[in-house]
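**Student:** Compute the structure for the input listed below.
(one chain, ligands or ions: 2)
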Amino acid sequence: MSVQQEITLQSDMRRVVETLHGEETSVAPYRREYRQLLDNHGKMIRATLVVLFGRAAGGNAGKLDGQVITGAAAIEMLHLATLVHDDVLDSAPIRRNQPTVHTTAGNKAAIYLGDLILSRYMEIMAQIAPSTDFLREQASTVCEIVGGELLQEAARHNAETTLDYYRKAIGGKTAALFRLACLTGVRLGSQALDPALLETARAFGDHVGMAFQIMDDIADFDLAHDTGKPKLEDVADGIYTLPVLLALRDNPDVAGLLSRNDPKLVEDYLQLHPELIRRSQDEAMRHLDEADACLAGSADAFQSATIRQIRDVLRRIRGQL
Ligand code: FPP
Ligand code: MG
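**Tutor:** Ligands and ions are numbered 1, 2, ... in the order given. Sure thing, here's the model as predicted:
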């Protein structure tokens, strides 16, 4: 990425952060916690994708339209709302290196705060929506995210969960939001919608999202790397992710190990069978390659400078493998 492009993206992302900092709620009981949540943003990968696809749709030059920036902030808010609720469901004590809301202020506060952030996301998107298709896509994606979570919930502690079932669950709970981020950028950044660009955004977002969740699931077993979150949480919660499902497929006796409800035993098993993590990483890598191929196939729709920047995001994600 050229220095100029890097500066431009940084300045776009600063505008997104300012938008999040400027967010206020009139609901008195939770104003302080609302502020803290919105100020402690993460890497903002989803917002970055909104911005880059917004640039891809509208040309690279000049100041990015304010609606793309607002949309990027709103997508980040949707993500945050799902995390606040997710941490209640997963009984997670820390996120982004901070104690989670439900541990500091209780479940009631976490549920209200998630609701508040979600409802503001909806209000903002309704204010900037360029079409009813845009709103329909936002709403149906939220349904998909909840659907993915519910698939995961239904499979808790089930050692007979299939690989396809897992892929469907993460496709809903995670990939759908990545897809929405890319589509939101295209829809808000376009003067006239290009169907090829929409298709690229859709496929690219899906593949990056799948890779991202698989890597997040692998990271849960990687005790050596700090992710700002606790480790061995998934298996402790009865959520069997790709390395565990591959282990079960290779050796059905792993079900006995899982029934002992001791995450350390599962971690030891994965240590003894490093190919399980490697095969999981390969699956994530294949999705990242597919995402890359989506960009290559749409060189006409994208300007090469934006392709380079989007590839840079892919490189950053790949670097975590
Ligand atoms: C993180 O997964 C959670 C998600 C990707 C989605 C959570 C969605 C919901 C709780 C339902 C929808 C909620 C709203 C407000 C619409 P993870 O637990 O695998 O990742 P983690 O390690 O980051 O917790
Ligand atoms: Mg979780």
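
**Student:** Give the helix, strand or coil label for Gly238.
**Tutor:** Assigned by DSSP: H, G, I helix; E, B strand; the rest coil, the conformation of Gly238 is coil.

**Student:** Look up how far Val84 lies from Leu113.
**Tutor:** 6 Å (C-beta to C-beta, to the nearest Å). To be clear about C-beta, it is placed using only N, CA and C from the backbone, and glycine gets the same treatment.

**Student:** Tell me the spacing between the one residue in the chain that gets nearest to ligand 2 and Pro230.
**Tutor:** Nearest residue of the chain to ligand 2: Asp90, at 3.7 Å (C-beta to the ion). When distance is defined by C-beta to C-beta, Asp90 is 9 Å away from Pro230.

**Student:** These two - which one has more neighbours?
**Tutor:** Neighbour count, other C-beta atoms under 10 Å: between Asp90 and Pro230, Asp90 has more, with 19 against 14.

**Student:** Excluding covalently adjacent residues, which one is nearest to the residue nearest the centre of the chain?
**Tutor:** Ranked by distance to the mean C-alpha position of the chain (C-alpha atoms, centre = their mean), the top residue is Thr174 at 5.2 Å. Nearest non-adjacent residue to Thr174, counting by C-beta to C-beta, 6 or more residues apart in numbering: Gln213, 3.9 Å away.

**Student:** burial count for the one you found?
**Tutor:** Gln213 - counted by other C-beta under 10 Å - has 25 other residues nearby.

**Student:** Same check on Arg202?
**Tutor:** 17.

**Student:** what do you get for Cys143?
**Tutor:** Cys143 has 11 neighbouring residues, counting by other C-beta under 10 Å.

**Student:** follow-up on the earlier one: now the common contact residues for Leu113 and Val84.
**Tutor:** 37, 101 (C-beta atoms under 8 Å, 6 or more residues apart in numbering).

**Student:** distance of the residue of the chain positioned farthest from its centre from Ala247?
**Tutor:** Here the centre of the chain is the reference, and by C-alpha atoms, centre = their mean the most remote residue is Asp253, at 32.9 Å. Applying C-beta to C-beta, the value for Asp253 to Ala247 is 10 Å.
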